[in-house]
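Student: Build me a model from this:
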Amino acid sequence: MKRYLPLIALLITGCTSDIPSPVETAQDQKYCSSIARPLSDGYTNCMVSRDQMRIQATQERKARSLALMNVGTGVLAAQPAYQPVRQTTCRQQGVYVNCTSY
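Tutor: As a prediction, the model looks like this:
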């Protein structure tokens, strides 16, 4: 199970990147254009702010995933070692029952 933890963490975080996708860029441009004129200082500040918020969100998501992975590792380490199932046979002789486990 431990060998799958990096894969699980990747699935939880998704394939995240600090580089915005074209869809995110278009959404940011539309939002910032509604606030300020394109290529003005206000527009540029808005775009930079949106990028910083996205980077911070990505870092927080990665930190949460790493914390979750560390908790999972601790849970796996706390598991007791595998014990094979013991078989028990019982025999009844009158009112007495004799059980043997092996």
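Student: give me the low-pLDDT residue ranges for this structure?
Tutor: Within the chain, the stretches with pLDDT under 70 are 1-18, 72-77.
Student: Could I get the full set of strands for it?
Tutor: Taking DSSP state E, the strands of the chain run over residues 88-93, 96-101.
Student: Report the distance from the first one to the chain centre.
Tutor: In other words, strand 88-93. 50 Å (C-alpha atoms, centre = their mean, to the nearest Å).
Student: quick one: it to strand 96-101, angle?
Tutor: Counting by axes from the mean of the first three to the mean of the last three C-alpha atoms, to 10 degrees, strand 88-93 points 160 degrees away from the direction of strand 96-101.
Student: Give me the distance between the closest residue to Asn45 other than its chain neighbours and Met47.
Tutor: Computed as C-beta to C-beta, 6 or more residues apart in numbering, the closest residue to Asn45 that is not its neighbour in sequence is Ala36, at 7.9 Å. In this view, the C-beta of every residue, glycine as well, is placed from N, C-alpha and C. Counting by C-beta to C-beta, to the nearest Å, the separation of Ala36 from Met47 is 10 Å.
Student: Please say which of those two ends up with more neighbours.
Tutor: Ranked by neighbour count (other C-beta atoms under 10 Å), Ala36 and Met47 place Met47 first, with 19 against 15.
Student: was I right about the more buried one contacting Lys30?
Tutor: No - with contact defined as C-beta atoms under 8 Å, Met47 does not reach Lys30; the gap is 11.3 Å.
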